[in-house]
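> starting from these lines, generate the structure:
(2 chains)
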Amino acid sequence: MYGALWRVLPGPWPVKLLCSLVLVVAVVAVCFLWLFPAIAPYMPFNGNSVQSGLPFSGSLTSAI
Amino acid sequence: MTRLQWGVRTVGEVLITVGLFLFLFIAWQLWWTDVTANRAQAVTIHALERGFGPAGTPDRGAADPTAILTKVPFGQAFAIMRIPRFGADYARPVLQGTDTDTLTKGIAHYPGTAFPGQVGNFAVAGHRTTYGKPFSDIDLLHSGDIIVVETKSSYFVYAVDHHVVVTPDQVEVIAAVPQHPGVHPKQAWLTMTACHPRFSANQRYVVFAKLVRSIPRADGLPASYMAVPAGMVG
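Residues are numbered from 1 along each chain as shown, chains lettered A, B, ... in the order given. Below is the predicted model of the structure:
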């Protein structure tokens, strides 16, 4: 997988290395800015709360 | 390289990648959400302070200082909570509603519970370890510690009474009279809930405070209330 990626990247090894680093930064950025914020609400420790109105039902807000 | 070797290598690489992504997610949840939430919450505080006007500003046409709050739309910030025990500059926005999104923006007010200063229970929730962790040090609050809730009309000064650790289903802690659902309230309470222990959602650390004084915004907040108690965590 990573070997194939290395072979696909163009140029001599310093260029390949630079391209790899740019790819790593891009993947981390996509995760931090879009992917993780999108999946965080589905984590068991985020979400589920008391329903509005009285008497209260459900559970106390989960917020680690 | 045989087919088997290729397969083993690929599976190994996939597992390493999954591990790295999980590590990355933890870093995002525990570190990056603090970075972004602290920045966003500071912006909200500045906006609220601008909207409230400087201390000593007379509030126009508010016969009942709490009445204007009852129409706060879902997700909107309407108050600033200051807790000297958490540091002299500790100030966090309080927003209406306790959905996941609102909780990332500050302290979240349980809909249907009282508003600041009202008789009943002004119940709020805050993150303990992520998204700016407004209630990170909730377990350090002592009986008698001051909590100031600042709104457009007033400063509501609460003093910590006691705390309990409960399971998430014990919603009676946010009843109008905390832990006594169905009883008619005669006092103004403040209830703060946060996850407990740290990094876990198994229990809730709950702090109860009682209103000791309501001060019209026009009169300003006496500096003594913002005095940082000994042993602060700042």
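> shaky segments in chain B?
Low-confidence regions of chain B, defined here as pLDDT under 70, cover residues B:55-68, B:231-234.
> same thing but at 50, please
Within chain B, the ranges that satisfy pLDDT under 50 run B:234.
> run through the bridge partners of the closest residue to B:Ala188 other than its chain neighbours.
Ranked by CB to CB, 6 or more residues apart in numbering or on different chains and with sequence neighbours excluded, the top spatial neighbour of B:Ala188 is B:Leu211, at 3.7 Å. No exception for glycine: its C-beta is placed from N, CA and C like everyone else's. The partner list for B:Leu211 in beta bridges (DSSP bridges) reads B:Tyr158.
> and the contacts of stretch B:221-233?
For stretch B:221-233, the external contacting residues (CB atoms under 8 Å, 6 or more residues apart in numbering or on different chains) are B:55, B:82, B:84-88, B:137, B:140, B:142, B:145-146, B:148, B:150, B:155, B:157, B:215, B:234.
> same deal with stretch B:179-191?
With CB under 8 Å, 6+ apart as the contact definition, stretch B:179-191 has outside contacts at A:55-56, B:113-114, B:116-124, B:147, B:149, B:156, B:158, B:164, B:172-178, B:206-211.
> buried subset of these?
Applying a neighbour-count criterion of 16 or more other CB atoms under 10 Å in any protein chain shown, the buried members of the contacts of stretch B:179-191 are A:56, B:113-114, B:116-124, B:147, B:149, B:156, B:158, B:173-178, B:206-209, B:211.
> quick one: contacts for B:Phe74?
Applying CB under 8 Å, 6+ apart as the definition, the contact partners of B:Phe74 turn out to be B:96-97, B:102, B:111.
> ranges for the helices of chain A?
In chain A, the segments counted as helices under DSSP state H are A:2-8, A:13-30, A:36-39.
> name the helices or strands packed onto the first one?
In this case it means helix A:2-8. When contacts are defined as 3 or more CB pairs under 8 Å, 6 or more residues apart in numbering or on different chains; DSSP states H and E, helix A:2-8 sits against helix A:13-30.
> wait, does the helix it packs on make contact with chain B?
Yes. With CB under 8 Å from any CB of the partner chain as the criterion, chain B is reached by helix A:13-30 at A:Val28.
> give the rounded mean pLDDT of that helix.
Mean pLDDT, taken over the full extent of helix A:13-30, equals 95.
> any idea how far A:Pro14 is from A:Ala4?
A:Ala4 sits 20 Å away from A:Pro14, taking CB to CB, to the nearest Å as the criterion.
> what does B:Thr36 give?
34 Å.
> and those two? which has more neighbours close in?
Each of B:Thr36 and A:Pro14 has its neighbours counted (other CB atoms under 10 Å in any protein chain shown); B:Thr36 has more, 16 against 8.
> separation between that one and chain A?
When CB to the nearest CB, to the nearest Å is applied, the distance between B:Thr36 and chain A equals 9 Å.
> can I assume that residue sits in a helix?
Yes. Counting by DSSP: H, G, I helix; E, B strand; the rest coil, B:Thr36 is located in a helix.
> could you pull out the strands for chain B?
Assigned strands in chain B, in chain order: B:77-82, B:91-96, B:107-109, B:120-125, B:146-150, B:154-166, B:188-196, B:203-216 (criterion: DSSP state E).
> quick one: contacts of the fifth one?
When contacts are taken as CB under 8 Å, 6+ apart, the neighbours of strand B:146-150 outside the stretch itself are B:52, B:79-85, B:94, B:116-117, B:122, B:155-160, B:190, B:192, B:209, B:221, B:225-226.
> tell me who's in contact with B:Met192.
With CB under 8 Å, 6+ apart as the criterion, the residues that contact B:Met192 are B:107, B:123-126, B:135, B:138, B:147, B:206-207, B:209.
> beta partners for it?
For B:Met192, the beta-bridge partners are B:Val124, B:Val207 (DSSP bridges).
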